[in-house]
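In: Got a predicted structure here, sequence first:
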Amino acid sequence: MTFPFRLLRVFLAGILLVASLSKGLRADPLTARDNYQTLQIPLTEFGFRGLGKDGQGQIYLTSLLKNGVYLLPPSCVSQECATFLRMGVPLSDPGQIVGLPGGGAFVLLRLADRLVYIPSGCYSTVCLKTIVLPRSPSYPSSGAVDPGTHDVWITEQLADQISKIPAGCYRRDCMISIDMPTKGSAPSGIAWEQGKGFWVTEKNIDRLAFIPQGCSETKCIREFSIPFRSDTRLRPFSPVILGEGKVAFLVKRGKMVSIMKTGKKGLSFAFMPMEKGIGRADSIMADSGGRLILLAKGTRLHVGKIRLSEDCIQDSVTHLSDCVDMRILGIDGGRPSGLMKGRRGEYWMALRNSDQIVRFRLASPRCLGRGSRLPKACYSTIAFTRKETLYHKEYHQEVSH
């Protein structure tokens, strides 16, 4: 009788163990104290990339990690008054914004090979219009507007072509795509020269391409080699029209600024290495006084101007010491990812991995006066925050944001 008695004890112990486990596995009532916990998110939540403004003063800010665009009306300087529009394609990588003179903007979805048109006054995904580009992969990387016709031109880096979206066109069948003359050229940046046409940087072949106004086929595109001897690729990007036949662009991953001048004797180039300690240039823009606004990131974030006098853009210039007014911007973290002109002489800059926008001024003598730092009175920040999120411990998913 000993063996059956021991077997019975084991059987009863097993029943009690199963009952105990079943009780432990049952979901508790949905109470905030027991089922939810607050997590601090240490990494960037937004991943800002592109920054642009339309002719009515509305600002557009693309967010990689949110997969969408924030719209800030002209008087909006905080996250609370911004409207967020999510893109319809997941992981689309929204990049550059092309603001339109009459209002509205195009968003370049780089990984989705699409353009999204946001009409003026649109604050809902219902009114967005999507254009699927003809080729894939395409990777639309930059865009520019012809201010006379309001046509939009974009570069498609992986498709080796540029595309024209005529004013009022929001479908693929009314676009005009033109192959670049050289296969594998990877057109990266584009800029409009008033009354002449577009200049395009060709990243993989170290050339500039000129597309005359009215050009609609490959044979009318001209390419010009950049005459700088280097053991590595120059990889030109970020072209800027300076007026008077001058085009500025960045090479060698921002380690050098180049100025191309057009004249009766042809083209001439000047190459100006970045000053030691300033780091690499990320973005450039021309101001009304014929100077380059420049953002750079080394050990610290720098903003400032490059003076473009004849003495500064000679072929013999090997440094920028006498031609640059750069100041340290006292903001930790982040790298510039977008630059645009604001109102009344101010500039706006987006910082990736920092979740904030910076507004700064350089026109005042006080801002570029003595000292190595930009005075605090000359800049301000707009922070985008999401410090907490709720996470359900049973279902292992985020339930609010």
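Out: Yep, that arrived.

In: what are the ranges of the helices in this structure?
Out: With DSSP state H as the criterion, the chain has helices at 2-25, 32-35.

In: Which residues does stretch 282-300 contact?
Out: 238, 240-244, 248-250, 254, 257, 274, 277-281, 301-308, 324, 326, 328-329, 335-341, 347, 349, 362 (C-beta atoms under 8 Å, 6 or more residues apart in numbering). C-beta: built from backbone N, CA, C; applies to glycine.

In: Swap in 6 Å and give it another go.
Out: 238, 240, 242, 248, 254, 278-279, 281, 302-308, 328, 335-336, 339 (C-beta atoms under 6 Å, 6 or more residues apart in numbering).

In: Let me know the pLDDT of residue 13.
Out: If you check residue 13, the pLDDT there is 55.

In: please renumber so the chain begins at 13
Out: Right, with 13 as the first residue, what we last looked at is residue 25.

In: re the thing from before, let's see which of the contacts of stretch 294-312 end up in strands.
Out: Judged by DSSP state E, the contacts of stretch 294-312 include 250, 252, 254, 260, 293, 314-318, 340, 347-348, 351 as members of strands.

In: pLDDT below threshold where in the stretch 213-362 of the chain?
Out: 323, 325-334 (pLDDT under 70).

In: where do the strands sit along it?
Out: Using DSSP state E, counting those that start in this stretch, the strands found in the stretch 213-362 of the chain span residues 219-224, 234-237, 249-255, 258-263, 268-275, 278-285, 292-298, 304-309, 313-318, 336-341, 347-353, 358-364.

In: So which of the ones you listed is nearest residue 175?
Out: Shortest distance between residue 175 and the strands of the stretch 213-362 of the chain, using C-beta to C-beta, is found for strand 219-224: 11.6 Å.

In: quick one, that closest one and strand 278-285 angle?
Out: 140 degrees (axes from the mean of the first three to the mean of the last three C-alpha atoms, to 10 degrees).

In: Describe which strands strand 219-224 pairs with in its sheet and in which direction.
Out: strand 209-214 (antiparallel), strand 234-237 (antiparallel) (DSSP bridges).

In: Quick one: distance of the shortest one to the chain centre.
Out: For strand 234-237, the distance from its own C-alpha centre to the chain's C-alpha centre is 27 Å (C-alpha atoms, centre = their mean, to the nearest Å).

In: Any idea how many residues pack against residue 182?
Out: The number of residues packed near residue 182 is 16, by other C-beta atoms under 10 Å.

In: residues touching it, list them.
Out: Per C-beta under 6 Å, 6+ apart, neighbours of residue 182: 129, 141.

In: how about it, phi and psi?
Out: phi -130, psi 30 (degrees, to the nearest 10).

In: How much space separates it from residue 149?
Out: Per C-beta to C-beta, to the nearest Å, residue 182 is found 22 Å from residue 149.

In: before we move on, what about residue 276?
Out: 42 Å.

In: Give me the more crowded residue out of the two.
Out: A side-by-side neighbour count of residue 276 and residue 149, using other C-beta under 10 Å, places residue 149 first with 12 against 4.

In: how close does that one sit to residue 105?
Out: For residue 149 relative to residue 105 (C-beta to C-beta), the value is 12 Å.

In: swap in residue 63?
Out: According to C-beta to C-beta, residue 63 and residue 105 sit 15 Å apart.

In: So for the two, which sits in the more crowded spot?
Out: residue 63 (24 against 17).

In: residues near the nearest residue to residue 194 once chain neighbours are set aside, how many?
Out: Spatial nearest neighbour of residue 194, excluding adjacent residues (C-beta to C-beta, 6 or more residues apart in numbering): residue 217 at 5.7 Å. Neighbour count of residue 217, defined by other C-beta under 10 Å: 21.

In: close enough to count as contact, residue 217 and residue 197?
Out: Yes. Contact criterion C-beta atoms under 6 Å: residue 217 and residue 197 qualify, at 4.9 Å.

In: ok so, going back, columns mean neighbour count on top of the strands of the stretch 213-362 of the chain, output as JSON lines?
Out: Listed next are those as JSON lines, based on neighbours: other C-beta atoms under 10 Å:
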{"stretch": "strand 219-224", "mean neighbour count": "20"}
{"stretch": "strand 234-237", "mean neighbour count": "14"}
{"stretch": "strand 249-255", "mean neighbour count": "20"}
{"stretch": "strand 258-263", "mean neighbour count": "23"}
{"stretch": "strand 268-275", "mean neighbour count": "20"}
{"stretch": "strand 278-285", "mean neighbour count": "16"}
{"stretch": "strand 292-298", "mean neighbour count": "21"}
{"stretch": "strand 304-309", "mean neighbour count": "24"}
{"stretch": "strand 313-318", "mean neighbour count": "24"}
{"stretch": "strand 336-341", "mean neighbour count": "21"}
{"stretch": "strand 347-353", "mean neighbour count": "20"}
{"stretch": "strand 358-364", "mean neighbour count": "22"}
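
In: Residue 127 is nearest to which of those strands?
Out: strand 347-353 (17.6 Å).

In: what does that closest one contact?
Out: The contact list for strand 347-353 (C-beta under 6 Å, 6+ apart) reads 60-65, 294-295, 297, 307, 309, 360-362, 364.

In: Neighbouring strands of that strand in the sheet, and parallel or not?
Out: Sheet pairing here is set by DSSP bridges, and for strand 347-353 it gives strand 358-364 (antiparallel).

In: Next, the angle strand 292-298 makes with the strand it pairs with.
Out: 150 degrees.

In: roughly how far is strand 358-364 from the heart of the chain?
Out: 10 Å.

In: what is the orientation angle of that strand with strand 304-309?
Out: 30 degrees.

In: Just the C-alphas of strand 358-364, formatted as CSV.
Out: Extracted in CSV, the C-alpha atoms of strand 358-364 (Å, rounded to 0.1, in the frame of the first residue of the first chain):
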residue,chain,number,x,y,z
GLU,A,358,16.8,85.0,-39.4
TYR,A,359,17.6,81.4,-40.4
TRP,A,360,16.2,78.1,-39.3
MET,A,361,18.2,74.9,-38.8
ALA,A,362,17.0,71.4,-38.1
LEU,A,363,19.2,69.1,-36.0
ARG,A,364,19.0,65.3,-36.4
